[in-house]
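A.B. asks: what follows is a predicted protein model with its sequence.
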Amino acid sequence: MKYLIIGAGGTGGVTGYYMKEAGKDVTLIARGEHLKTIQEQGLTLEKMWDKTEETITIPATDMEHYTDHPDVIFVCVKGYSLDETIPFIKQIAKKTTIVIPVLNIYGTGGKMQKQLPELLVTDGCIYVSANIKEPGRLLQHGQILRIVFGVRDKAESRPELKEIQKDFCDSHIDGILSENIRRETLEKFSYVSPIGAAGLYYHATAADFQKEGEARELFKTMIREITALAEAMGVPFQKDMVDVNLKILSNLAPEATTSMQRDIMAGKQSEIDGLVYEVVRMGEEYHVPVPAYKKVAESLRTLVKK
């Protein structure tokens, strides 16, 4: 299988690193100084929990210079950059190419499928905490690395999806081919949205959520609000997501923060609309009260201009 990963940050870069290290045929799409450093010096992964690091050689280019036709495309960009990947995917994809979006924003696969009607676009999500520390260097904050993916309609399932799952597992990635990807991606959203929103609201690190206090309580309350939304949407969770998400959180380095926090603190464009304001809109659409989200959204609107 020939893989292309669009986006070489904490999601795509880490995925590509582990897959390339396992000998898979992987190319990264990157840009700027990050791309230049990867091309000239390789891609370095630093592990926060044990302070180790390793550098590997991995093919990398930009959209303008990629000429191959991959079997699988992972889309690992921020939600606000999604639309600019569509023309590129149309240009390079074969009829059999499978597109797997791995984003924080809920419902991405369905949106992309409408824009790419000739291709199979699954849904997907990733459990990883990592970021670009500096050009050519990724910092992974915790040991969890899980990618969940699958088709929304079982009639669209293809044998290649099991091959992709095997390639993940070969690469020391916990690859899960889901039978109910809508629920799985909403479960992931029940972690990444509350941790990003509460983290920004309290200017908190993982350490603040790993101990009892206001930040941890807000995190739990927001998870419960998304749990109520899932029920109203007809995809009820079959596990206690508060407990699940607190366990995920416990594996992070105490100083870890979310990508949304880092982007906003750096004055960059962020995913706040899809991760915070969208939940308020979902609450209105499904007639589910989300008072914690409304409180946080109102506060953040005055803080964040983007």
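C.D. replies: All right, it came through fine.
A.B. asks: for stretch 192-203, the averaged confidence score.
C.D. replies: Over the span of stretch 192-203, the pLDDT mean works out to 94.
A.B. asks: got the buried residues for that stretch?
C.D. replies: Using 16 or more other Cβ atoms under 10 Å as the test for burial, stretch 192-203 gives 192, 193, 194, 195, 196, 197, 198, 199, 200, 201, 202. Heads up, the C-betas are built off the backbone N, CA and C, glycines and all.
A.B. asks: and those, which of them are in helices?
C.D. replies: 192, 193, 194, 195, 196, 197, 198, 199, 200, 201, 202 (DSSP state H).
A.B. asks: the stretch 151-300 of the chain: helices as residue ranges?
C.D. replies: 160-170, 181-202, 206-209, 214-232, 241-250, 259-265, 272, 278-286, 291-303 (DSSP state H, counting those that start in this stretch).
A.B. asks: rewinding a little: out of the ones in helices among the buried residues of stretch 192-203, which comes closest to residue 122?
C.D. replies: For those, the closest approach to residue 122 (Cβ to Cβ) belongs to residue 192, at 18.4 Å.
A.B. asks: redo the ones in helices among the buried residues of stretch 192-203 as TSV? Include distance to residue 18.
C.D. replies: Formatted as TSV, those follow (distance: Cβ to Cβ, whole Å):
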residue	distance to residue 18
192	20
193	25
194	27
195	23
196	24
197	29
198	29
199	26
200	29
201	33
202	32
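A.B. asks: quick one on the thing from earlier: the helices of the stretch 151-300 of the chain: which one's closest to residue 132?
C.D. replies: Short answer: helix 259-265, nearest of the helices of the stretch 151-300 of the chain by Cβ to Cβ, at 9.6 Å.
A.B. asks: does anything pack onto the closest one? Which helices or strands?
C.D. replies: Where contact means 3 or more Cβ pairs under 8 Å, 6 or more residues apart in numbering; DSSP states H and E, helix 259-265 is packed against helix 181-202.
A.B. asks: how far is the helix it packs on from where the chain is centred?
C.D. replies: 10 Å (Cα atoms, centre = their mean, to the nearest Å).
A.B. asks: do stretch 150-161 as well
C.D. replies: 20 Å.
A.B. asks: so which bits of it are buried?
C.D. replies: For stretch 150-161, by 16+ other Cβ under 10 Å, it's 150, 151, 161.
A.B. asks: from those, which is closest to residue 55?
C.D. replies: residue 161 (31.5 Å).
A.B. asks: which residues touch the residue lying closest to the closest one once chain neighbours are set aside?
C.D. replies: Leaving aside its sequence neighbours, residue 161 sits nearest to residue 177 (Cβ to Cβ, 6 or more residues apart in numbering; 5.6 Å). Contact analysis of residue 177 by Cβ atoms under 8 Å, 6 or more residues apart in numbering lists 149, 150, 161, 162, 164, 165.
A.B. asks: try 7 Å
C.D. replies: 149, 150, 161, 162, 165 (Cβ atoms under 7 Å, 6 or more residues apart in numbering).
A.B. asks: alright, I will stop here.
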